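S.K.: Structure here, sequence nowhere to be found:
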């Protein structure tokens, strides 16, 4: 099988479509897909199908108390790491999609074969002609994006105001020597990350392909007729066509969708003492230091 | 289409030690002037965002901005640490440290922990504080300094940038001035040691005095 060049009607003559005509078909099909995606992402409370992400932060060590002297830094429990898993992104593939000629060998666009005859494309020839370029174009258009705001970027719609990942750090200013025994885990939110879906932007065909009608005449598709065919194809391809499926992941290979989600943590600790009433010597280690990047997670789209 | 355009791009810096991820600050339509939108991207040529960034800036500029951000973070941390130390009185003791102790500390820090990342970072940061280095046009040496993996290499590049190696050594201070400074330092050390000896003698005298008083009391 091979890619074909559909014909169009140009000044009442049949003519093969140009590269610009094909690009216009790709652009409109991309919009049709983005507006009605067959592989979708949603934000769930837990157990999303994509890999979980970990937010880590330091928390104070347990406090010590002694009747006559301060315990040394070595004898005071160290700060420790709290890990919170974010498993909130789920992928869903629409089931029961098909793409075929509906029992008619003339449903698809026509092209000129090697014997100079007009012939209708098969579904496989439609895949060979459009699927690869179209899936690449959809992924490059970033069907979803992560951003740090619930307000969606231009051309996108917020999927959920629930953050898919939150970076927290110990709130170093909340720990004071005078407050020993301090609550061990006193976090502060640094950044929330949200999921947004692309709307796509509508474009027109520069020329409509043609088909063979029931009377064996050549007819030009209306825009709506060809929209239905190409949309059915790409929705099927994204879910089912081997090596052309659209799939999402956290990490791994593929095109990054929006900002990376950064997990940061304070990189040090401080030892503090407090004497209470002459016979209660308390010590505790608090989180301190600068923010260090522990890991960066990217939502990715790939052709699978 | 990438969000990074000439209209939105403000600055970019690395956010990790491995230099694999960058934070790009963008001035987007939906943010206020002082509320820039952070976009974290991979330093990966296959990613469209990185390609868009590289059309607007250079890797050297990104490294410069990374140093500036790290410096600001470091200064903020030092200010906080100083405030804590000042509260506990430790800072005053540090200020009282004799200048003669500076060089042994300096030498020890240069010739030990050669590849300690924290040390390397602090050394590079201090060197980039020097206007001769910061404002030098010797991009190659600056890049080599920035990428230096041990202290000697880093210092070599610093000397190269400041022209000390090229000029055959630091000849800006007259030998007699150095000699005078060393004499003065020696006098200071001698004076300090004299004061310490005197204090020790006084301590012993006081001790023996109090011992005598005690023995007198016992006799009575």
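M.R.: Perfect, thanks for sending it. Everything numeric in this text was worked out from a predicted model, so none of it was measured.

S.K.: now the helices: where do they sit in chain B?
M.R.: With DSSP state H, the ranges of helices along chain B come out as B:48-54, B:59-88, B:90-95, B:102-111, B:117-127, B:131-134, B:139-147, B:151-162, B:175-219.

S.K.: which residues pair with the residue of chain B found nearest chain A across the strands?
M.R.: In chain B, no residue comes nearer to chain A than residue B:40, which is 3.5 Å away by CB to the nearest CB. Any C-beta I mention is one placed from the backbone N, CA and C, and that applies to glycine too. The partner list for residue B:40 in beta bridges (DSSP bridges) reads residue B:23.

S.K.: Which residues are in contact with it?
M.R.: Counting by CB atoms under 8 Å, 6 or more residues apart in numbering or on different chains, residue B:40 touches A:259, A:260, A:261, A:262, A:296, B:15, B:21, B:22, B:23, B:24.

S.K.: Quick check: residues of chain B near chain A?
M.R.: Proximity of chain B to chain A (CB under 8 Å from any CB of the partner chain) is limited to residues B:1, B:3, B:15-17, B:20-21, B:23, B:28-30, B:37-42, B:47-49, B:73-74, B:77, B:80, B:84.

S.K.: Show me which of the residues you listed are buried.
M.R.: When burial is judged by neighbour count using 16 or more other CB atoms under 10 Å in any protein chain shown, the buried members of the residues of chain B next to chain A are B:3, B:15-16, B:21, B:23, B:28, B:37, B:39-42, B:47, B:49, B:77.

S.K.: For the spatially closest residue to residue A:119 that is not a sequence neighbour, grab phi and psi.
M.R.: For residue A:119, the nearest residue in space outside its immediate sequence neighbours is residue A:113; the separation is 4.7 Å by CB to CB, 6 or more residues apart in numbering or on different chains. Backbone dihedrals for residue A:113, given as degrees, to the nearest 10, come out at phi -80, psi -180.

S.K.: How about residues contacting the helix or strand harbouring residue A:145?
M.R.: Secondary structure assigned from DSSP states H and E places residue A:145 in strand A:144-147. Contacts made with strand A:144-147 from outside it, assessed by CB under 8 Å, 6+ apart, are listed as A:41, A:153, A:156, A:159, A:164-165, A:193-198, A:248, A:257-261, A:299, A:301, B:37.

S.K.: mind redoing it with 7 Å?
M.R.: When contacts are defined by CB atoms under 7 Å, 6 or more residues apart in numbering or on different chains, strand A:144-147 is touched by residues A:41, A:153, A:156, A:164, A:193-198, A:257-259, A:261, A:299.

S.K.: Report how many residues lie close to the closest residue to chain B within chain A.
M.R.: Scanning chain A for the residue nearest chain B gives residue A:260, at 3.5 Å (criterion: CB to the nearest CB). Neighbourhood size, residue A:260 [other CB atoms under 10 Å in any protein chain shown]: 24.

S.K.: my read is residue A:9 is in a helix, agree?
M.R.: No. Membership of residue A:9 in a helix is not supported by DSSP: H, G, I helix; E, B strand; the rest coil, which gives strand.

S.K.: which residues does it form a beta bridge with?
M.R.: Assigned bridge partners for residue A:9, using DSSP bridges, are residue A:14.

S.K.: Tell me the pLDDT of it.
M.R.: Residue A:9 carries a pLDDT score of 95 in this model.

S.K.: that older thread, anything in the following helix or strand past the strand holding residue A:145 sitting right up against chain B?
M.R.: Tracing the chain C-terminally past strand A:144-147 and defining elements by DSSP H and E, one meets strand A:156-158 next. No. With CB under 7 Å from any CB of the partner chain as the criterion, chain B is not reached by strand A:156-158; the gap is at least 10.6 Å.

S.K.: and strand A:156-158, which strands flank it?
M.R.: When pairing is defined by DSSP bridges, strand A:156-158 lines up against strand A:187-198 (antiparallel).

S.K.: Just give me how far the strand it pairs with sits from the chain centre.
M.R.: 13 Å (CA atoms, centre = their mean, to the nearest Å).

S.K.: pLDDT averaged over that strand - what is it?
M.R.: Taken as a whole, strand A:187-198 has a mean pLDDT of 97.

S.K.: List the contacts of that strand.
M.R.: The list of residues contacting strand A:187-198 from outside it, by CB under 7 Å, 6+ apart, reads A:34, A:41, A:43, A:57, A:89, A:141-150, A:152-153, A:155-160, A:163-171, A:261, A:264.

S.K.: Equivalent analysis for stretch A:24-38, please.
M.R.: With CB under 7 Å, 6+ apart as the contact definition, stretch A:24-38 has outside contacts at A:93-94, A:97, A:130, A:133-134, A:137-138, A:141, A:143, A:198-206, A:227, A:230-231, A:234-235, A:238-239.
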